[in-house]
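In: Let me see the structure of the following:
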Amino acid sequence: MQKTQFKGVFLLLLTAFIWGVAFVAQSEGMEHIDAFTFSGIRMIFGVCVLLPFIAIRDKMQNKKLPDDKKIKLFDKKLLVCGGLLGVVFFFACNLQQFAFYYTGAGKIAFITALYMFFVPLFGLFFKKRVPWLTWLCVGFGFVGLWFLCIDPANLGGINVGDLLAMGCAVFFAVQILMIEKFAQQIDGVKLSCMQFLVAGTMSCICMFVFENPSLPAIGNAIVPLLYAG
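Out: Now for the predicted structure:
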């Protein structure tokens, strides 16, 4: 039992480390390319990683199934749910990415992490019971946010980047609640892939409309893009 718990804690720490370094990669990438460009390309990279995995896995599973029960690569439910999730993910990721124009990676990471407090808050609208300890954590979280974002000498210390990151946290909270509902009916990996595809496509459209992407600049940001993707 202790070995299993240790493994779980280790995996959580590893996940937190990878997630934290991604903020550094995002900040580094923004030195070469604009926000929509970074978001669009990183998400398309994510799709390129997940699609082959899904195709190979489905092919192996279909070998064991009769023709009338074979798994489809995509279906209507996946397209609808993944599409809705992708739109929310588009706003979450790009609000976060635009925040890098105005504030640092550490502050953005902290504010984004407040999604874990918005999740139970929004859960109240779905009549989900929230333990008192969760509300205590919410209080500590917002106290930490205050000291991080507010300059005591200047009560107007919250900047545009902080507000964008807060908006990102709200959208990520909505995304998590949607995933909780959709994942009960749809394969999680396929749902993630569709989410990346929709959000990446929307970001790439915005990239060509509002920005001026160039291959040399993208090449300079390729390492952060690959890591974040």
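In: Next, the contact list for residue 81, please.
Out: Contacts for residue 81 were tallied using CB atoms under 8 Å, 6 or more residues apart in numbering; they are 178, 182, 185-186, 191, 194. In this view, the C-beta of every residue, glycine as well, is placed from N, C-alpha and C.
In: what's the farthest-apart pair in those residues?
Out: Spanning the widest gap among the contacts of residue 81 are 185 and 194, at 13.3 Å by CB to CB.
In: who's more crowded, those two?
Out: Using other CB atoms under 10 Å, the more surrounded residue of residue 185 and residue 194 is residue 194, with 24 against 10.
In: Could you pull out the buried residues of the helix or strand where that one lies?
Out: Taking DSSP states H and E as the definition, residue 194 sits inside helix 188-210. For helix 188-210, the neighbour count (16 or more other CB atoms under 10 Å) marks 190-204, 206-207 as buried.
In: just stretch 85-104 next, same as before
Out: Applying a neighbour-count criterion of 16+ other CB under 10 Å, the buried positions in stretch 85-104 are 85-100, 103.
In: Repeat that for stretch 175-187.
Out: Buried positions in stretch 175-187, judged by neighbour count with 16+ other CB under 10 Å: 175-179, 182, 186-187.
In: Helices along this protein, start to end?
Out: Using DSSP state H, the helices of the chain run over 2-29, 35-62, 76-99, 105-112, 115-123, 132-149, 160-182, 188-210, 215-220, 222-228.
In: any idea how far residue 186 is from residue 72?
Out: Distance, residue 186 to residue 72, by CB to CB, to the nearest Å: 12 Å.
In: repeat for residue 199
Out: Relative to residue 72, and taking CB to CB, residue 199 is found at 22 Å.
In: how far away is residue 218 from residue 74?
Out: Using CB to CB, residue 218 is found at 28 Å from residue 74.
In: quick one: which of these two has more around it?
Out: Just comparing residue 218 and residue 74: by other CB under 10 Å the higher neighbour count belongs to residue 218, 16 against 13.
In: which one is that one nearest to, not counting chain neighbours?
Out: residue 33 (6.0 Å; CB to CB, 6 or more residues apart in numbering).
In: next one: phi and psi at the one you found?
Out: phi -130, psi 170 (degrees, to the nearest 10).
In: which residues does it contact?
Out: Contacts for residue 33 (CB under 8 Å, 6+ apart) come out as 41, 213, 217-218, 220-221.
In: Look up the pLDDT of it for me, please.
Out: What the model reports for residue 33 is a pLDDT of 93.
In: again with residue 26
Out: 88.
In: Now for it, how many residues are close by?
Out: 25.
In: what's the answer for residue 160, then?
Out: Neighbours of residue 160 (other CB under 10 Å): 12.
In: what does the one 10 residues further on give?
Out: By the criterion of other CB under 10 Å, residue 170 has 17 neighbours.
In: Report the spatially closest residue to residue 46, excluding sequence-adjacent ones.
Out: residue 196 (4.3 Å).
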